[in-house]
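1. Generate a structure from the sequence data that follows.
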Amino acid sequence: MRVEWCKATARAERFREEVELVVEEMRRTLVFFKWTADNWEQLGKARVSDPTMDEDIAAGPRAYAARKSALYQKLIDVFIQDWYESLELKSLGSDWLSNYTRPETVRRRRLPSNVVAYHSSPFLGVGDLDDALTNDPPSHPEMSTVSDPQVGFDDF
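-> Numbering: from 1, shown residues only. Got it, this is the predicted structure:
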């Protein structure tokens, strides 16, 4: 019993250490994305101050640098949107997580399900199969659940 307790304790300690490492990797990923976005922004500004380049030609590299900077900023935003609530809930990364604003919670709409097509239901009539495949939740009062038609998909 003591050996099993020691093994379980060691596994729990390794798991705690792994969680700490993953949270640190998350922080470093965000720092890298921020550094890269700032770097691309500086590269775009450097093209503005180059007097030897024609303005029409300089617009291309500036636009490319602005696009790359916006891409990395969007990666930061998506990362925070996806992970902020989970990290905050478990009190992980609280020392660096406070540097980012808490995103508003977005409910996501479920995709239509075709489970009804493979599992027969006493509530479905002969012509209701197509209706069941396109409507989620089912439109039958006996099987209805609360749905929010205002909820849409996230954009990325």
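2. ok, now how distant is Phe32 from Val3?
-> Going from Phe32 to Val3 by CB to CB, to the nearest Å gives 43 Å. (Each C-beta comes from the backbone N, C-alpha and C, glycine too.)
3. and those two? which has more neighbours close in?
-> Phe32 (13 against 7; other CB atoms under 10 Å).
4. the longest helix in this structure is where?
-> For the chain, the helix with the greatest residue count under DSSP state H is helix 2-48.
5. Helix 2-48 and the following helix or strand past that helix, what's the angle between them?
-> As assigned by DSSP states H and E, the chain's next helix or strand after helix 2-48 is helix 55-89. Interaxial angle, helix 55-89 versus helix 2-48 (axes from the mean of the first three to the mean of the last three CA atoms, to 10 degrees): 160 degrees.
6. Helix 55-89 - contacts with which helices or strands?
-> Packing partners of helix 55-89 (3 or more CB pairs under 8 Å, 6 or more residues apart in numbering; DSSP states H and E): helix 2-48, helix 94-97.
7. And this protein, what are its domain boundaries?
-> As assigned by automatic domain parsing, the chain contains the domains 2-97, 108-156.
8. Could you tell me the least trusted of those?
-> The minimum mean pLDDT among the domains of the chain belongs to domain 108-156 (a mean of 51).
9. Show the contacting residues for Thr101.
-> By CB atoms under 8 Å, 6 or more residues apart in numbering, the contact set of Thr101 is Ile80.
10. tally of neighbours for the closest residue to Leu87 other than its chain neighbours?
-> Spatially, and ignoring its direct neighbours in sequence, Leu87 is nearest to Gly93 (5.0 Å; CB to CB, 6 or more residues apart in numbering). Other residues lying near Gly93 total 21 when counted by other CB under 10 Å.
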